[in-house]
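J.: The following comprises the amino acid sequence and a computationally predicted model.
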Amino acid sequence: MHRLCRSRSSLPSVVLLCAMLAGCGVEREAHVPVGPSWPACSPAAADSGLSRAAAQASVTLPAPLKRACTLAGAERYSDAERHLRHYLGGPGEARPRLAACCAMQWLSRTHERPRVALAFDDFPFTTDSARALLDVLDREGVRATLFTIGRKVGSRAELVRRAAAAGHSIQNHTFSHPRWREPTVEQVRSECLQCSEVIERVIGRRPLLLRWPGGRCSENVQQQAHRCGLICIDPIVTEIPDLGADPRRIRRLPRARAGAGQIIVFHDGPAATRRALPGIIADLHHHGAELVTAPELLGLEPLAGRGRQDSAAGREK
């Protein structure tokens, strides 16, 4: 069986170092392909792309990230992950924290089953769409990351509680889903804090990650999100344009756009996405992926629910 690429030889220390340095500048062609039909990416190409991104960056690496880079260069991947997790558990700074998340994505390929996270924007879009999405995820035994619009939570709090109880990760997608081109500091802070607060009131814990509407994570958004206790991960996700697409196209798109360590983002809402989802999950399991939540993949939360994931993967063998 062809499986997700997990070659450790393609993880020289320069790749991890450049991923950290580049932060949000990591180039798309450097993903780890899934399965024989996914675009190939040689270690040399990955090194070249990341090195170019690093050359344009100006990030001073904190000591824990430097140490993680050294450990990864010595193929001590578990120790490198431990240092990154420790750094991410502290306050840090906005761009180095995003860089550490990026490094965790790269390290995910070293696991026996490389990790992938499925995520959905605009949850809970409508009562019916959110309930139907949760039903599909429950049937497939998969936990997802749900980027939640704060103002929709009040009237659909039971759906958010149901999602959290099922092990899904409830994260921040702003309070009102604004479409501002250049939001002010106050606007960003208000949107982030209101959404985090309403999520905490409903499920008892605050989100860790932010998806700004439209993926427009400017430096201002990134910095203000950090001050609100969030990491804006828009630069390191793989978005699937599923709005208005048919199920067959939606199922094909992840094969060309995602790979080991990726956070694959769909939308809550399109019925076509829900119809395509069982096939997408089957494809990922067939190629050896372990489906986790985005905070787990990025080292922000401990891995949970392994039994459900292993059971689901076993059904596909």
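T.: Sure thing, it's come through. Residues are numbered from 1 along each chain as shown.
J.: rest of the way, CA atoms for contacts and neighbours
T.: Noted.
J.: residues contacting A144?
T.: A117, L118, A119, F120, L137, H168, S169, V292, T293, A294 (CA atoms under 8 Å, 6 or more residues apart in numbering).
J.: Any idea what L118 is bridged to?
T.: Following DSSP bridges, L118 is listed with bridge partners I264.
J.: Now do the helices in the stretch 1-150 of the chain.
T.: 13-22, 43-55, 63-73, 77-88, 94-107, 127-140, 150-153 (DSSP state H, counting those that start in this stretch).
J.: mind checking how far the closest residue to L107 other than its chain neighbours is from T238?
T.: Using CA to CA, 6 or more residues apart in numbering and skipping residues adjacent in sequence, the residue nearest L107 is Y77, 7.0 Å away. From Y77 across to T238, the span is 24 Å (CA to CA, to the nearest Å).
J.: got it, and L133?
T.: From L133 to T238 the distance is 20 Å (CA to CA).
J.: Could you do G269 as well?
T.: 18 Å.
J.: And those two? Which one has more around it.
T.: G269 (23 against 19; other CA atoms under 10 Å).
J.: worst-scoring helix or strand of this structure, pLDDT-wise?
T.: helix 43-55 (a mean of 39; mean pLDDT, DSSP states H and E).
J.: which stretches of this structure aren't confidently modelled?
T.: 1-60, 256-258, 305-317 (pLDDT under 70).
J.: Burial check on R248, number of neighbours?
T.: 14.
J.: That one contacts A276, correct?
T.: Yes. In this structure, R248 is within contact of A276 by CA atoms under 8 Å, at 6.8 Å.
J.: Take the helices of the stretch 1-150 of the chain and write them to CSV, including distance to S218 and mean neighbour count.
T.: Below are the helices of the stretch 1-150 of the chain laid out as CSV (distance: least, CA to CA, whole Å; neighbours: other CA atoms under 10 Å):
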stretch, distance to S218, mean neighbour count
helix 13-22, 15, 26
helix 43-55, 17, 18
helix 63-73, 23, 21
helix 77-88, 21, 20
helix 94-107, 12, 25
helix 127-140, 29, 16
helix 150-153, 21, 21
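J.: nearest to R227, of those helices?
T.: Ranking the helices of the stretch 1-150 of the chain by their distance to R227 (criterion: CA to CA) puts helix 94-107 first, at 8.4 Å.
J.: in stretch 253-273, what counts as buried?
T.: 254-255, 257-273 (16 or more other CA atoms under 10 Å).
J.: Stretch 285-305 now?
T.: 285-300.
J.: so which two of these are the farthest from each other?
T.: H286 and L300 (26.7 Å).
J.: Could you pick out the longest helix of this structure?
T.: helix 185-203 (DSSP state H).
J.: Now do the buried residues in it.
T.: 188-199, 202-203.
J.: picking up where we left off before, return the subset of the buried residues of stretch 285-305 lying in strands.
T.: E290, L291, V292 (DSSP state E).
J.: With the flanking residues excluded, which residue is spatially nearest to the second one?
T.: Sequence neighbours aside, V116 is the residue nearest to L291 in space, at 5.1 Å (criterion: CA to CA, 6+ apart).
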